[in-house]
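K.L.:
3D model of this:
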Amino acid sequence: MKRAFSTGLTRDLKMASPERNAPRIGRPRFSRLALIAPVLILTAAAISGCADSRDRMTTSAINDDYRQRHPIVLTEKEHNLDIPVAASDRRLTTGMRDTVRGFVQDYRAHASGTVEILAPRGSMNSLAASTLRQQIRRELVANGIPSARIVDSYYGAGDPGDAAPIRLRFTATTALTNSCGQWPNDLSDNAFDNQNYYNFGCATQRNLAAQVANPTDLISPRAVSPIDTDQRSKVIDNYRNGSVPTSTATLGGFGGTSQ
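P.N.:
Numbers count the residues shown, from 1 in each chain. I've put the predicted structure just below:
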């Protein structure tokens, strides 16, 4: 009986051993899958969340563009030139004529309307100004301004003792921006919001507006000039023949020889 009992026990252990060892083989694999699945789910949710919020996100939400604070606009502006006249003057000097010619160049580049010649009235130099006004008119006509576009006018002098000048004036479309030097807010208000101060960029905008030769270039580009076919053919022929244009000038003192 003792032998039979031990044999039966051994048989029970052998039969139970595969069943007991089977879960030990599959449990770690199931555990790894159980841990990986939540990670994949969270990663997919994060990616989808970023994709959804990307379209709704607005960058640079703070408006801090100096071009919007100081915009360049096109408006009508009076161009004035004051020519000083002494009470003893009887004719235009060489400097006065050069100044009038410069005024004519400015007019022809920016305007095509009327030009006003304003002479002072009630001043000590009013007689001399009346004489020089006629000479200025002839100078304007001689430099290309039609006589029909020149208008003679007067203005009242502030003090009879003042040497009031002769003023030339015309109106033209000009690029302008608002005046600089405005400080509506305290500089410390912009210290923590990463914004520049109000007057920032104003001088740059005013300089750009003053340098524009043709204000309409800010609205639309100019037409392309026609192609110079003769010059283009000459350049192409020189390139095909191997003729490379070179400069005959030399740089003396920079490694070259002077001639």
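
K.L.:
for Arg91, what is the enclosing helix or strand?
P.N.:
In the assignment (DSSP states H and E), Arg91 maps to no helix and no strand.

K.L.:
from Ala172, how far off is it?
P.N.:
29 Å (Cβ to Cβ, to the nearest Å). Quick note: C-beta positions are derived from backbone N, CA and C, even for glycine.

K.L.:
more crowded one of those two?
P.N.:
Shown here are Arg91 and Ala172; by other Cβ atoms under 10 Å, Ala172 has more neighbours (16 against 10).

K.L.:
got the contact list for the more buried one?
P.N.:
Glu76, Lys77, His79, Tyr107, His110, Ala111, Gly113 (Cβ atoms under 8 Å, 6 or more residues apart in numbering).

K.L.:
wait, a strand at the fourth one?
P.N.:
No - going by DSSP: H, G, I helix; E, B strand; the rest coil, the assignment for Tyr107 is helix, not a strand.

K.L.:
so it makes contact with Glu116?
P.N.:
No - counting by Cβ atoms under 8 Å, Tyr107 stays clear of Glu116, with 11.2 Å between them.

K.L.:
how about Gly158, nearest residue that isn't a chain neighbour?
P.N.:
Closest residue in space to Gly158, ignoring its immediate chain neighbours: Ala164 at 7.6 Å, by Cβ to Cβ, 6 or more residues apart in numbering.

K.L.:
and the strands in the stretch 151-259 of the chain?
P.N.:
166-176 (DSSP state E, counting those that start in this stretch).

K.L.:
so where's it shaky on pLDDT?
P.N.:
Applying pLDDT under 70 to the stretch 151-259 of the chain picks out residues 160-161, 190-191, 245-259.

K.L.:
from Asp230, how far off is the residue nearest to Gly158?
P.N.:
From Ala164 to Asp230 the distance is 57 Å (Cβ to Cβ).

K.L.:
tell me which of the two has more neighbours.
P.N.:
Ala164 (25 against 8).

K.L.:
what sits against the more buried one?
P.N.:
Val85, Pro120, Ser123, Asn125, Ser126, Ala129, Tyr155, Ala157, Gly158.

K.L.:
can you rerun that using 7 Å?
P.N.:
Taking Cβ atoms under 7 Å, 6 or more residues apart in numbering, we find Ala164 in contact with Pro120, Ser123, Asn125, Ala157.

K.L.:
could you do Leu92 as well?
P.N.:
Leu132, Gln135, Ile136, Glu139.

K.L.:
can we see that at 6 Å?
P.N.:
Contacts for Leu92 were tallied using Cβ atoms under 6 Å, 6 or more residues apart in numbering; they are Gln135.

K.L.:
and the pLDDT for it?
P.N.:
Model confidence at Leu92, given as pLDDT, is 94.

K.L.:
torsion angles phi and psi at it?
P.N.:
phi -70, psi 130 (degrees, to the nearest 10).

K.L.:
could you check how far it is from Leu74?
P.N.:
To Leu74, Leu92 is 34 Å away according to Cβ to Cβ.

K.L.:
tell me which stretches of this protein form helices.
P.N.:
Secondary structure of the chain (DSSP state H): helices at 2-56, 66-69, 94-110, 126-142, 202-211, 229-240.

K.L.:
out of these, which gets the lowest mean score?
P.N.:
When the helices of the chain are compared by mean pLDDT, helix 2-56 comes last with a mean of 50.

K.L.:
re earlier: what's the farthest-apart pair in the contacts of Ala164?
P.N.:
Within those, Asn125 and Ala157 form the most distant pair, 8.7 Å apart (Cβ to Cβ).

K.L.:
just give me the neighbour total for Tyr197.
P.N.:
Neighbours of Tyr197 (other Cβ under 10 Å): 16.

K.L.:
that one and Asn185, how far apart?
P.N.:
7 Å.

K.L.:
please parse this structure into its domains.
P.N.:
66-70+179-216, 76-173 (the TED database).
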